[in-house]
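In: predicted model and sequence below, questions to follow.
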Protein chains: 4
Amino acid sequence: MGIRERKERERERRRQQIMVAAKRVFTEKGFGKATMEDIAKEAELSPGTLYLYFKNKDELYASLSLRILQYLTIRLEHVNAEPLEDAHDRLTALKEAMFDVYEFDPLILINMFHMQSSETLKNLSPQLLKEIQTLSRNSLQVMAGIFEEGIQRKMFVDKHPTAVADILWSLFSGIVLWETSKKIINDEKNFLKETFDTAFDIFSHGILRH
Amino acid sequence: MGIRERKERERERRRQQIMVAAKRVFTEKGFGKATMEDIAKEAELSPGTLYLYFKNKDELYASLSLRILQYLTIRLEHVNAEPLEDAHDRLTALKEAMFDVYEFDPLILINMFHMQSSETLKNLSPQLLKEIQTLSRNSLQVMAGIFEEGIQRKMFVDKHPTAVADILWSLFSGIVLWETSKKIINDEKNFLKETFDTAFDIFSHGILRH
Amino acid sequence: MGIRERKERERERRRQQIMVAAKRVFTEKGFGKATMEDIAKEAELSPGTLYLYFKNKDELYASLSLRILQYLTIRLEHVNAEPLEDAHDRLTALKEAMFDVYEFDPLILINMFHMQSSETLKNLSPQLLKEIQTLSRNSLQVMAGIFEEGIQRKMFVDKHPTAVADILWSLFSGIVLWETSKKIINDEKNFLKETFDTAFDIFSHGILRH
Amino acid sequence: MGIRERKERERERRRQQIMVAAKRVFTEKGFGKATMEDIAKEAELSPGTLYLYFKNKDELYASLSLRILQYLTIRLEHVNAEPLEDAHDRLTALKEAMFDVYEFDPLILINMFHMQSSETLKNLSPQLLKEIQTLSRNSLQVMAGIFEEGIQRKMFVDKHPTAVADILWSLFSGIVLWETSKKIINDEKNFLKETFDTAFDIFSHGILRH
DNA sequence: GATGAATGAGAGTTCATTCAT
DNA sequence: TATGAATGAACTCTCATTCAT
């Protein structure tokens, strides 16, 4: 391994270290209240160091989104790679992939939403934004592919596959968001796989032909 | 009408005026970047005045959530009040109610999510928090009631009604969130009733017995 | 006096108060080392208040230049207004005007130089920049006018009046700069009117026909 | 040449390399905005290396002044070395020397002014400060010598030679400063030898007896 | 000697909040 | 009740400087 390569790897490790810390702080304090100093402290680094790896606060947060999208993409590709006979099995695999993503970082969607403000967008490097866009389009296309296959096999009801993918993604996001909200506002018990299972049940039942 | 009562009404009018302005500013600038001065300007009031009606910024934003929950509650009660024979019709009425809520304030869920941070919660008066909790429980119970009815009539599949209500609400929230995100990040076309219709189609299809 | 007018006057007073403080701090600490907090403390205001009156640090400093140019303009107009028979007298009046400007704010030229950096220029409002440009052009034109008159009367040697004005201004600036430098570096005695007198003597001698 | 001496020469070469880079960066970015990293990059060295050759940033900049003073000193000695009959020719030679200095580094005076702040002075090693003081005194004395000679020969008007030297130096500095300012603020054409010629014309005319 | 990643103090600036009017 | 100028704590971000390699 060349010295250059090792350095690059070292650099990536640091980036991950910072992102892990950022995720933790963000989860605890919420978006607006988390400061760069909090994150630096959590990562056991100095504030200045954060800026060696991320252009600014917004870009650090956006990178969290990118990270989760990368994870999702990999998981989805696995789903697609397996030669499954049954479209129903595909749905189950899809559900599991999404649940994994949730466990990887429950706050993914909140993160992603933060990027909506056009003020925030201005602070992102075009390159990062592009990557996020590409990955999120990609993921949805993979999902849409699964639905298309099911429709062609006459196993799924005839809906526009892209729309169905959007809806599944929305359902997933919505559950995460809502369960998180409930947890804090109503101080109820945590997000349950159960809710997700039920939701998927209904969804599957809803798109399968009978 | 007593003088006290008139004053109270006047006070309420002002509160609404401020909330309308806040909603507008928030929609335009995004959550983190909207300042109290922006809101004051939009409401044609001075910053100081805002604090005569809202304890602080967090409470002002939380009040927006309360407002939308109140609207939702009223709409749901109307749905329930109508003596509908068919559970399927109920679902349709429910869909329409939720779409109205969306049109009343598309950013409701983002608003509501903002309250998740425990830091924010500390800034809210217990009374306001209580009201929000009560109203949101209420709404979900009304929804759950509709599903329970459907289940008892053997029209809906047998799922826990509360869970189903949660899921519908999540689906709704998720769509709003996701469509808004897409609009900004991918610069795609705006949220469409169509998406919502399709989602509801699938959902209905998913919970109806066949 | 209307309430609006009184407020405007009050506002101007505050601006002056801040500029006086800024001048003092700048003189003592030098440009780069003077902080906004220093200035705020000197003005017995809070840092935030400074930003109610000046957009940013660069603009505050640029305003100091504007102020001195305004003073110079007034003084030059007085010189021109007096019906002097003799071009030589005009020169003397000019000298005195410039010396007054020096006494009003010895650091004028350093201030003005600070604006050279294009980075700094970017931070200035176009309006302020325009005002500074206009005033400095104006002043030089008035000076040039004096020289032109002298040349037409065959009292001065035949040089381009604008160039001569530039040179006089340069001489003046240079002396201020150099004497200030000497004072600090060599710890010598302060700037002397004497130096200025001698310089002006030579200059006058140099442009007068013999 | 001993090994010690060779090392010393090597060290001096590096210092020059850094100073050349510093001059370039400073010219481009302006004083306040140029960073040590910029300079390191321009010199194709690492930031840390700069500190092996210069105690700190202020001292690096002060060294630039020292460098130009050294150049000026050499040039002036040449002027004095030539056995010129005519004091007027001496003046011309002087003018050329100063113009060379300007071409060597137009920003010299700005550099030199930077040292005025007492805060900056604190950061300089006494030795460096001493060298600068000595050299600048020296240069002025050489100039003064030229004037003294002219006065003794009854070619120049009878002014204090040191004061005349100061004034010439001020005139020179002022022109550089002012032409640079004009270029940036008014976006006018660049510093012209012409201005300098005219200025020197007037100056010469002013000190020559008629 | 040279590096350059890391530091951390401190800068400019913002903005929720207060309070004299 | 309404104001809005003033506050000042807290923020993000910069950069001269250090030090382990």
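Out: Thanks, I have it. Quick caveat, the model's predicted, so the values are computed rather than measured. Numbering: from 1, shown residues only, chains lettered A, B, ... in the order given.
In: break chain A into its domains for me.
Out: Structural domains assigned to chain A are A:1-54, A:58-207, following automatic domain parsing.
In: quick check: pLDDT value at residue A:27.
Out: With respect to pLDDT, residue A:27 scores 82.
In: quick one, what contacts it?
Out: Residue A:27 makes contact with A:106-107 under the criterion CB atoms under 8 Å, 6 or more residues apart in numbering or on different chains. (Glycine included, C-beta is placed from N, CA and C.)
In: for it, give its distance to residue A:12.
Out: Per CB to CB, to the nearest Å, residue A:27 is found 22 Å from residue A:12.
In: got it, and residue A:138?
Out: For residue A:138 relative to residue A:12 (CB to CB), the value is 21 Å.
In: tell me which element whichever residue of chain A sits closest to chain D falls in.
Out: Nearest residue of chain A to chain D, counting by CB to the nearest CB: residue A:52, 11.8 Å away. Element membership for residue A:52 (DSSP states H and E) is helix A:47-53.
In: mind listing what's buried in the helix or strand that comes right after that helix?
Out: Next along the chain after helix A:47-53, taking DSSP H and E as the criterion, comes helix A:57-81. Buried residues in helix A:57-81, defined by neighbour count with 16 or more other CB atoms under 10 Å in any protein chain shown: A:57-69, A:71-73, A:75-76, A:79-80.
In: average pLDDT across helix A:57-81?
Out: Mean predicted lDDT for helix A:57-81 stands at 90.
In: need the residues that contact the helix or strand that that helix is followed by.
Out: Downstream of helix A:57-81, the first helix or strand assigned by DSSP H and E is helix A:87-104. Helix A:87-104 has contacts (CB under 8 Å, 6+ apart) with A:68, A:71-72, A:75-76, A:78-79, A:82, A:84, A:108, A:143, A:146, A:149-150, A:153, A:155-156, A:168, A:172, A:176, A:191, A:193, A:196-197, A:200, A:204, A:208.
In: 6 Å instead, please
Out: Applying CB atoms under 6 Å, 6 or more residues apart in numbering or on different chains, the contact partners of helix A:87-104 are A:71-72, A:75-76, A:79, A:84, A:146, A:150, A:153, A:155, A:172, A:176, A:196, A:200, A:204.
In: what does stretch A:69-79 give?
Out: With CB under 6 Å, 6+ apart, stretch A:69-79 has contacts from A:93-94, A:97, A:100-101, A:104, A:135-136, A:138-139, A:142.
In: who in chain A is up against chain B?
Out: A:29-30, A:32-33, A:113, A:116-117, A:119, A:133, A:159, A:163, A:167, A:170-171, A:173-175, A:177-178, A:181, A:184-186, A:198-199, A:202-203, A:205-207, A:210 (CB under 6 Å from any CB of the partner chain).
In: filter the residues you listed to the buried ones?
Out: Applying 16+ other CB under 10 Å to the residues of chain A next to chain B flags A:29-30, A:113, A:116-117, A:159, A:163, A:167, A:170-171, A:173-175, A:177-178, A:181, A:184-185, A:198-199, A:202-203, A:205-207 as buried.
In: residues of chain A that sit close to DNA strand E?
Out: Within chain A, the positions near DNA strand E by CB under 7 Å from any atom of the strand are A:7, A:14, A:45-49, A:51-52.
In: how about those residues in TSV, adding distance to DNA strand F?
Out: Shown next, in TSV, are the residues of chain A next to DNA strand E (distance: CB to the nearest atom of the strand, whole Å):
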residue	distance to DNA strand F
A:7	12
A:14	15
A:45	11
A:46	7
A:47	4
A:48	3
A:49	8
A:51	4
A:52	7
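In: pass me the low-pLDDT residue ranges in chain A, would you?
Out: A:1, A:84, A:108-111, A:113-118, A:183-192 (pLDDT under 70).
In: closest point of it to DNA strand E, which residue?
Out: residue A:48 (1.7 Å; CB to the nearest atom of the strand).
In: from residue A:13, how far out is that residue?
Out: Distance from residue A:48 to residue A:13, by CB to CB: 18 Å.
In: what's the answer for residue A:170, then?
Out: Residue A:170 sits 35 Å away from residue A:13, going by CB to CB.
In: contacts only, for residue A:19.
Out: With CB under 6 Å, 6+ apart, residue A:19 has these contacts: A:64, A:67.
In: quickly find the element holding it.
Out: Element membership for residue A:19 (DSSP H and E) is helix A:3-29.
In: still on that earlier bit, buried subset of the contacts of stretch A:69-79 as a ChimeraX selection?
Out: ChimeraX command restricting those to the buried ones, with burial defined by 16+ other CB under 10 Å:
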select /A:93,94,97,101,135,136,139,142
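In: and which of the contacts of stretch A:69-79 is nearest residue D:37?
Out: residue A:135 (33.0 Å; CB to CB).
In: which SSE is that closest one in?
Out: helix A:126-152.
In: what about that helix, distance to the chain center?
Out: 12 Å (CA atoms, centre = their mean, to the nearest Å).
In: buried stuff in that helix?
Out: For helix A:126-152, using 16+ other CB under 10 Å, the buried residues are A:128-129, A:131-132, A:135-136, A:139-140, A:142-151.
In: counting contacts, what elements does that helix pack onto?
Out: helix A:57-81, helix A:161-185 (3 or more CB pairs under 6 Å, 6 or more residues apart in numbering or on different chains; DSSP states H and E).
In: okay if I get those as CSV plus distance to residue D:19?
Out: CSV is the format used below for these (distance: least, CB to CB, whole Å):
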stretch, distance to residue D:19
helix A:57-81, 36
helix A:161-185, 58
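In: and residue D:38, which of these is closest to it?
Out: helix A:57-81 (22.5 Å).
In: now do that closest one against helix B:161-185: the angle between them, please.
Out: 120 degrees (axes from the mean of the first three to the mean of the last three CA atoms, to 10 degrees).
In: and helix A:57-81, how far from the chain's centre?
Out: On CA atoms, centre = their mean, the centre of helix A:57-81 falls 6 Å from that of its chain.
In: now do stretch A:32-40
Out: For stretch A:32-40, the distance to the chain centre is 21 Å (CA atoms, centre = their mean).
In: span of that stretch from start to end?
Out: 16 Å (CA to CA, to the nearest Å).
In: for chain C, what is the nearest residue in chain A?
Out: Counting by CB to the nearest CB, chain A gets nearest chain C through residue A:122, at 17.0 Å.
In: surely that residue is within a helix?
Out: Yes - assessed with DSSP: H, G, I helix; E, B strand; the rest coil, residue A:122 lies in a helix.
In: tally of neighbours for it?
Out: Per other CB atoms under 10 Å in any protein chain shown, the neighbour tally for residue A:122 reads 8.
In: against residue B:152, how distant is it?
Out: From residue A:122 to residue B:152 the distance is 54 Å (CB to CB).
In: likewise residue A:164?
Out: 30 Å.
In: now do residue A:152
Out: For residue A:152 relative to residue B:152 (CB to CB), the value is 38 Å.
In: now swap in residue A:204 and tell me
Out: In this view, residue A:204 and residue B:152 are 24 Å apart by CB to CB.
In: likewise for residue A:52?
Out: As judged by CB to CB, residue A:52 and residue B:152 stand 62 Å apart.
In: residue contacts, residue A:155?
Out: residue A:87.
In: kindly report the same for residue A:50.
Out: Applying CB under 6 Å, 6+ apart, the residues near residue A:50 are A:36, A:40.
In: residue B:33 versus that one, what's the distance?
Out: For residue A:50 relative to residue B:33 (CB to CB), the value is 21 Å.
In: repeat for residue A:119
Out: In terms of CB to CB, residue A:119 sits 5 Å off from residue B:33.
In: what residues are shared contacts of the two?
Out: With CB under 6 Å, 6+ apart, residue A:119 and residue B:33 have no common neighbours.
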